[in-house]
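Participant: Next come a sequence and a model predicted from it.
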Amino acid sequence: MDEVRFVDTTLRDGDQSLWGYRLTTGMILPVAAQMDQIGFEAIDVIGLSPFKLRVRQQKEEPWDRLRLLAKKITRTPLSVMGGVGIGGFGVAPRALIKLRTDVQAALGVNRVQLMDPTNDMSFMIPDTIRFSHAAGLEVLIALIFSESPKHTDEYYAQKTREAVKLKPDRIYLKDPSGLLTPERVQTLIPAIQANSKGMTLELHSHCTTGQAPLCYLEAIKLGIRILHTGIPPLANGPAQPSLFNVARNACLMGYSTQIDQAPARLVSRHFSTIAKREGLPPGIPLEYDYSQYLHQIPGGVISNLKRQLTEMKMQHRFEDILKESINVRKDLGYPIMVTPFSQHVVTQATLNVILGKQYKEVPDEIIQYATGYFGEEASRGVDPDVKNRILDRPRAEELARCERYEPSIEELRRQIGEEGIPDDELLLRYIMGGQEELKAMRPAAPIREYPVYRTPLILLTHELSKYANTRYISIKKGDFTLRLTSAADGTATAGAFPAAKHQEK
């Protein structure tokens, strides 16, 4: 039997897509060892984008998560996302990308999933591959999927040829907006396979349109053997398909898996308990929404747009902005709606709608896009008339004169103004723009781990004990009775005995 293997996305993409980075280190650590026993090909553990949020809101040292997980997850490779930016939407200096790679490898990372938001294989990806291989990491290059007149099967065949020339260890098809259909899988994956020279191909999709689970099964039929899935409740919705669903269907189709269901179910129960206690949404299958294929805006960007419009008392313009986003994306040559371009397109569309005139005001990021800051391949696709309107302003001339900043690590250390700090601290200070917020974060209490409730009885007892003024708890099931009594000094005593020998009150 052919074996289907799985990369787990629960801790990073599941958290990002469903909980908005509210999954804390203390929630993860109690089940990290169990996740190591499930049998994953790799576990995607961290991205740099939410570092600022973790410092500001969770008061957590971001690198500690990686350190602690590496101690508990020792059998399964730890995987991270790697892009052209570091903790923001811009393009990071190459010295910092190398530093990021070295720091992650030193802290226990085994593989890195690299992506360029424009699929430009000549811009930053070659250097990043070189840094990653030098650090001893397994390297994957993403082929980011999108729907447009530009993104044909031949386009992806060409991108596959370009990626293979860079000699990664693997490639993976990344569908960030959940736009793949089973019909497109039938033509796209063979086009990629025909040009991959036998290189291992993984598939990563989101359930935004509800079709990812079907696409995974179609991909299995075409020879894909590594799929990216999440553990409920951090699966489905706008996140990845459920491990349980895909594994079961793969087995019904005659394929084998090495997934150990027992620890996987325990992890699922643990995160489900946290979701209920903290009011966090579980991922559920979504209804098909054709509008997703028109605007292609990721769910996280849409939710943020709705919140901002509500704060501005302009929520009635939401649909207008979605429609204008379609026009802006076309004007810019169909950028892939993935970070940072999805945010940039929506920002420009919002300005166009609110100001009542297209490109009356243009953010710096759109100007940079048109000038080639994100790579020449991106800027070549901009409509010539629109490019003239974007660049015909003083700010464009000012940005065009700015050369890309490529400082050395030594220069960055001098800018930060403190010699001898560890590399991970240097990188963290760069992301945070200094150390003031780090100083405010570090006096916070140590990580609080959430207990793992292996039985419903223990969970029920714990929840009942939180009620104020509770003197005792008595639980009866069949011939068994459990009584917890609070003494006058606040301590607790417990007793368990056959119900027939005890008169219930």
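Facilitator: On my side now, so go ahead. This one's a predicted model, so the numbers in the text were calculated from it and none came from an experiment.
Participant: What values do phi and psi take at residue 247?
Facilitator: phi -60, psi -40 (degrees, to the nearest 10).
Participant: That one and residue 5 touch, don't they?
Facilitator: No - counting by CB atoms under 8 Å, residue 247 stays clear of residue 5, with 10.1 Å between them. For the C-beta atoms, the positions are set from N, CA and C on the backbone; glycine is no exception.
Participant: which residues are common contacts for the two?
Facilitator: Shared contacts of residue 247 and residue 5 (CB atoms under 8 Å, 6 or more residues apart in numbering): residue 257.
Participant: Tell me which of these two has more neighbours.
Facilitator: In terms of neighbours (other CB atoms under 10 Å), residue 247 is the more surrounded of residue 247 and residue 5; the figures are 22 against 16.
Participant: quick one: that one from residue 401, how far?
Facilitator: 55 Å (CB to CB, to the nearest Å).
Participant: in whichever helix in the chain runs longest, what counts as buried?
Facilitator: Longest helix of the chain, by residue count under DSSP state H: helix 261-278. Neighbour-count burial for helix 261-278 flags 263-264, 266-275 (criterion: 16 or more other CB atoms under 10 Å).
Participant: what do you get for stretch 145-164?
Facilitator: For stretch 145-164, by 16+ other CB under 10 Å, it's 145-148, 151, 155-157, 159-160, 162-164.
Participant: Who are the contact partners of residue 380?
Facilitator: Contacts for residue 380 (CB under 8 Å, 6+ apart) come out as residue 333.
Participant: What distance do you get for it to residue 474?
Facilitator: Applying CB to CB to residue 380 and residue 474 gives a distance of 73 Å.
Participant: if we can go back for a sec, so which of the buried residues of helix 261-278 is the closest to residue 86?
Facilitator: Comparing those against residue 86 with CB to CB places residue 271 closest, at 28.5 Å.
Participant: That closest one contacts residue 11, correct?
Facilitator: No - applying CB under 8 Å as the test, residue 271 and residue 11 come out as separate, 9.8 Å apart.
Participant: quick one on the thing from earlier: adding pLDDT, distance to residue 292 and secondary structure, write the buried residues of stretch 145-164 out as CSV.
Facilitator: Listed next are the buried residues of stretch 145-164 as CSV, based on pLDDT from 0 to 100; distance: CB to CB, whole Å; DSSP: H, G, I helix; E, B strand; the rest coil:
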residue, pLDDT, distance to residue 292, secondary structure
145, 97, 13, coil
146, 96, 12, coil
147, 95, 10, coil
148, 95, 14, coil
151, 97, 15, coil
155, 98, 21, helix
156, 98, 20, helix
157, 98, 25, helix
159, 98, 23, helix
160, 98, 25, helix
162, 98, 28, helix
163, 98, 27, helix
164, 98, 31, helix
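Participant: would JSON lines of the residues you listed with distance to residue 83 be doable?
Facilitator: Formatted as JSON lines, the buried residues of stretch 145-164 follow (distance: CB to CB, whole Å):
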{"residue": "145", "distance to residue 83": "16"}
{"residue": "146", "distance to residue 83": "16"}
{"residue": "147", "distance to residue 83": "21"}
{"residue": "148", "distance to residue 83": "21"}
{"residue": "151", "distance to residue 83": "19"}
{"residue": "155", "distance to residue 83": "20"}
{"residue": "156", "distance to residue 83": "19"}
{"residue": "157", "distance to residue 83": "23"}
{"residue": "159", "distance to residue 83": "16"}
{"residue": "160", "distance to residue 83": "19"}
{"residue": "162", "distance to residue 83": "17"}
{"residue": "163", "distance to residue 83": "15"}
{"residue": "164", "distance to residue 83": "20"}
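Participant: pretty sure residue 32 contacts residue 73?
Facilitator: Yes - between residue 32 and residue 73 a contact is recorded at 5.6 Å, counting by CB under 8 Å.
Participant: picking up where we left off before, outside of the longest helix of the chain, which residues touch it?
Facilitator: Residues contacting helix 261-278 (CB under 8 Å, 6+ apart): 10, 22, 27, 30-31, 34-35, 37-38, 231-234, 243-244, 280-282, 450, 452-454, 459.
Participant: go again using 7 Å as the cut-off
Facilitator: 27, 30-31, 34-35, 37-38, 231-234, 243, 280, 282, 450, 452-454, 459 (CB atoms under 7 Å, 6 or more residues apart in numbering).
Participant: Next: stretch 279-292.
Facilitator: Here stretch 279-292 has contacts from 18-19, 22, 177, 207-210, 232-237, 239, 272, 274-275, using CB under 7 Å, 6+ apart.
Participant: ok, now how distant is residue 274 from residue 64?
Facilitator: Taken as CB to CB, the span from residue 274 to residue 64 is 19 Å.
Participant: can you list the domain ranges for the protein.
Facilitator: Domain assignment for the chain by automatic domain parsing gives 5-278, 291-401, 409-441, 456-501.
Participant: what pLDDT, on average, does the second one get?
Facilitator: Averaging pLDDT along domain 291-401 yields 92.
Participant: Buried residues in stretch 59-66, which are they?
Facilitator: Applying 16+ other CB under 10 Å to stretch 59-66 flags 59-63, 65-66 as buried.
Participant: which regions of this protein lie under the pLDDT threshold?
Facilitator: 1, 87-89, 417, 453-469, 486-505 (pLDDT under 70).
Participant: correct me, but residue 70 touches residue 106?
Facilitator: No - Residue 70 sits out of contact with residue 106 when judged by CB atoms under 7 Å, with a separation of 9.9 Å.
Participant: What separation is there between the nearest residue to residue 33 once chain neighbours are set aside and residue 66?
Facilitator: Closest residue to residue 33 apart from its sequence neighbours, by CB to CB, 6 or more residues apart in numbering: residue 72 at 5.0 Å. Distance, residue 72 to residue 66, using CB to CB: 11 Å.
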